[in-house]
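Peer 1: have a look; sequence and predicted model below, questions after that.
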Amino acid sequence: MMLVMLVLYIIFRNQIIPQTRHALEDKAITIARTLALMPLVSEGLGEGRSKEIQAYTSKITRRNDIMFVVVIDMNSIRYSHPDASMIGRHFVGGGQKMALRGEESISEGEGLLGKSLRAFVPVYNNRGSQVGVVVVGLSLERVHRLVRQNEWTIIAILLSGAVLGAGGAIVLARKIKQMMFGMEPSDISKLLEERSAMLQSAREGIIAVDDKARITMINVEAERLLGTVGITGNAMTRHIADYWPELRLEPVLATGEAKVDQDLELNGITLLVNSVPIRVNGQIAGAIATFRDKTELAVLVERLSGISVYADALRAGTHEFMNKLHVIMGMTHMGLYDELQQYISGMVGNYQKEIGSITRQIKDPVMAGFLLGKLSRAREAGIDLQLTGDSYLPESADPQCIHELITIAGNLLDNAMEVLKEHNVKEIELAFCYDRGRLICTVRDSGPGIPEALREQVFVQGFSTKGEQRGIGLYLVQKSVEKLQGKLQIVDDGKPGTTFMADVPYAVKGDEAV
């Protein structure tokens, strides 16, 4: 602050103080020029009328607050002077030689009245001949006093500015600190570094844009994921539509509505994207998009799905066998041994028949275990679930394909069971038909069917006629079919209920390959 004040003082002093002296010099020379043009002065010098000149110059001296006005002829004889006794004598103090040669001049000198700043202007008659000189003097002490006053004025202005600046700085600092939640610059720096480290270490790709859709932040994972699909280069400050047009963050900025769990296909990779607006004081200040490779999520989902399938099978089997054990225990207590033998023989026969049927038709062990669990669950719900006699599913050469088929068949069966809860006739028919590299999976239920107007909407994520937080099953079926590059449709086969048919490529394992 002190250094700034000193610099400003030097600048103002070097500018204003010389201007003050120049203004006084201009005043003196202007008065002298005016007097030199007056006929009374020029004619009075030619005719020797010193009294008239003395009277006139005295008035000028008083009215303009100057030290003196002296008029001299070409011999430097005074025709006027503040001290009338000096009239008729030679001018003292020097400096008039240039003016007697016809040139204006300004100089400092010391005469009978003291030190002064003097302006010399030649006087000409109406014929153009020089007849004398007008000398206007300003007190040099008064000049210095005005200079000192301006110097103190500069100091006062600078001190006032310093006080106001310091006060404004204090108020501004408090306001800024309040806006920054009371944090010091070191705290802000530390917080920024921590947040940056968090964003860069996140397993999800993150891109943030401002309200003009220019990229303001992109983390390492985002650059890695986008690099795998060919989107490279420096992203910072670029418009998102130029860097990654498929992301479409502009509608989020325009409407302020978030887009959640959107699938985005890029060069064979599916990204799961969430885009949300950023609001500051109620206004949209930007948007942020987070995304992750859906394949990684699918692996986790498949693991959980497999565990869930096996858990359901075990639970259904356990529940079913507990019921049968209760029957066996009751018949034992009642001593009905012959009937008990027949019951166990029939139960074992049915179980072996069911397992035998599944293992003969379904060669893939994962799908076979899955279907056994579904059969047990259907029996618990009082639903007749039948695998058609001509169904055949060879073992798959791609485990990923079986996981997708479990998602397809599982969700179609679950939907059918849900529909039949409130229906009198509870029948579900499941069929697998394999032919030369293609597999057709068909699920038909005996429910009320799907109205024609809703057949396109049932595959939309979140659409359901059963209430909120539903409408996921058929959406997942559709995605799994698309992932296998197959087709999914609702078939009108003339039978009551609804029939879904999924037609997908299917590579078989070993000797069964065609």
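Peer 2: Cool, the structure landed. Numbering: from 1, shown residues only.
Peer 1: okay, now the domains of this protein?
Peer 2: 2-146, 202-293, 336-512 (automatic domain parsing).
Peer 1: mind putting those domains into JSON lines with distance to Met329?
Peer 2: C-betas here are computed from N, CA, C, even on glycine. Formatted as JSON lines, these follow (distance: least, CB to CB, whole Å):
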{"stretch": "domain 2-146", "distance to Met329": "99"}
{"stretch": "domain 202-293", "distance to Met329": "50"}
{"stretch": "domain 336-512", "distance to Met329": "10"}
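Peer 1: distance between stretch 67-82 and the chain's centre?
Peer 2: 81 Å (CA atoms, centre = their mean, to the nearest Å).
Peer 1: show me which residues of that stretch are buried.
Peer 2: Across stretch 67-82, burial judged by 16 or more other CB atoms under 10 Å covers 67-73, 76-82.
Peer 1: would JSON lines of the domains of the chain with distance to Gly161 and mean pLDDT be doable?
Peer 2: Formatted as JSON lines, those follow (distance: least, CB to CB, whole Å; pLDDT from 0 to 100):
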{"stretch": "domain 2-146", "distance to Gly161": "8", "mean pLDDT": "81"}
{"stretch": "domain 202-293", "distance to Gly161": "33", "mean pLDDT": "86"}
{"stretch": "domain 336-512", "distance to Gly161": "64", "mean pLDDT": "80"}
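Peer 1: Ile157 is nearest to which of those?
Peer 2: Relative to Ile157, the nearest member of those by CB to CB is domain 2-146, separated by 7.8 Å.
Peer 1: before we move on, the earlier item: who wins for proximity to Ile328 among the domains of the chain?
Peer 2: Among the domains of the chain, domain 336-512 sits nearest to Ile328 (CB to CB), with 6.5 Å.
Peer 1: now do the strands in the stretch 401-514 of the chain.
Peer 2: Ranges of strands within the stretch 401-514 of the chain are 427-435, 438-445, 487-491, 498-505, based on DSSP state E, counting those that start in this stretch.
Peer 1: Lys59: which of these is closest?
Peer 2: strand 487-491 (114.1 Å).
Peer 1: packing partners for the closest one?
Peer 2: helix 473-483, strand 498-505 (3 or more CB pairs under 8 Å, 6 or more residues apart in numbering; DSSP states H and E).
Peer 1: if you set the cut-off to 10 Å instead, what comes out?
Peer 2: strand 438-445, helix 473-483, strand 498-505 (3 or more CB pairs under 10 Å, 6 or more residues apart in numbering; DSSP states H and E).
Peer 1: closest to Asp390 out of these?
Peer 2: Among the helices and strands packed on strand 487-491, if distance is taken as CB to CB, the winner is strand 438-445, at 11.2 Å.
Peer 1: between strand 427-435 and that closest one, find me the angle.
Peer 2: 170 degrees (axes from the mean of the first three to the mean of the last three CA atoms, to 10 degrees).
Peer 1: list the neighbouring strands of strand 438-445 plus their orientation.
Peer 2: Within its sheet, strand 438-445 is paired with strand 427-435 (antiparallel), strand 498-505 (antiparallel), according to DSSP bridges.
Peer 1: now that strand: buried residues?
Peer 2: Leu439, Ile440, Cys441, Thr442, Val443, Arg444, Asp445.
Peer 1: equivalent analysis for stretch 238-257, please.
Peer 2: Buried-residue list, stretch 238-257, by 16+ other CB under 10 Å: Arg238, Ile240, Tyr243, Trp244, Leu247, Arg248, Leu249, Val252, Leu253.
Peer 1: how long is that stretch end to end?
Peer 2: Using CA to CA, to the nearest Å, the end-to-end distance of stretch 238-257 comes to 23 Å.
Peer 1: so what touches it?
Peer 2: 207-215, 218, 222, 226, 229, 231-236, 258-259, 262, 264-266, 271, 273, 275-279, 283-289, 291 (CB atoms under 10 Å, 6 or more residues apart in numbering).
Peer 1: how about the helices in this protein?
Peer 2: With DSSP state H applied, the chain shows helices at 2-36, 39-47, 50-63, 97-100, 140-179, 185-201, 220-228, 240-243, 250-255, 294-333, 337-361, 365-380, 399-419, 473-483, listed in chain order.
Peer 1: so for Asp390, which of those helices sits nearest?
Peer 2: helix 337-361 (8.6 Å).
Peer 1: what would the helices and strands packed on strand 487-491 look like in TSV with distance to Arg62?
Peer 2: Shown next, in TSV, are these (distance: least, CB to CB, whole Å):
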stretch	distance to Arg62
strand 438-445	120
helix 473-483	104
strand 498-505	116
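Peer 1: and the strands of the stretch 401-514 of the chain: which comes nearest Ile29?
Peer 2: strand 487-491 (102.8 Å).
Peer 1: what does that closest one rub up against?
Peer 2: 408, 412, 440-442, 444, 449-450, 452, 454-456, 458-459, 474, 477-482, 498-504.
Peer 1: circling back to that earlier point, any idea which of the strands of the stretch 401-514 of the chain is most buried?
Peer 2: strand 438-445 (a mean of 21; mean count of other CB atoms under 10 Å).
Peer 1: could you give the angle of that one to helix 473-483?
Peer 2: Using the same axes, to 10 degrees: strand 438-445 against helix 473-483 is 170 degrees.
Peer 1: start at 672, not 1
Peer 2: Taking 672 as the first residue, the last one we looked at is strand 1109-1116.
Peer 1: then strand 1109-1116 to CSV, C-alphas only?
Peer 2: The C-alpha coordinates for strand 1109-1116 follow below in CSV (Å, rounded to 0.1, in the frame of the first residue of the first chain):
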residue,chain,number,x,y,z
ARG,A,1109,-30.4,-69.7,-34.3
LEU,A,1110,-32.3,-70.1,-31.1
ILE,A,1111,-36.0,-69.2,-30.6
CYS,A,1112,-37.2,-68.8,-27.0
THR,A,1113,-41.0,-68.6,-26.6
VAL,A,1114,-43.0,-67.9,-23.4
ARG,A,1115,-46.8,-68.0,-23.6
ASP,A,1116,-49.1,-67.4,-20.6
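Peer 1: roughly how far out does that strand sit from the chain middle?
Peer 2: Using CA atoms, centre = their mean, the offset of strand 1109-1116 from its chain centre is 49 Å.
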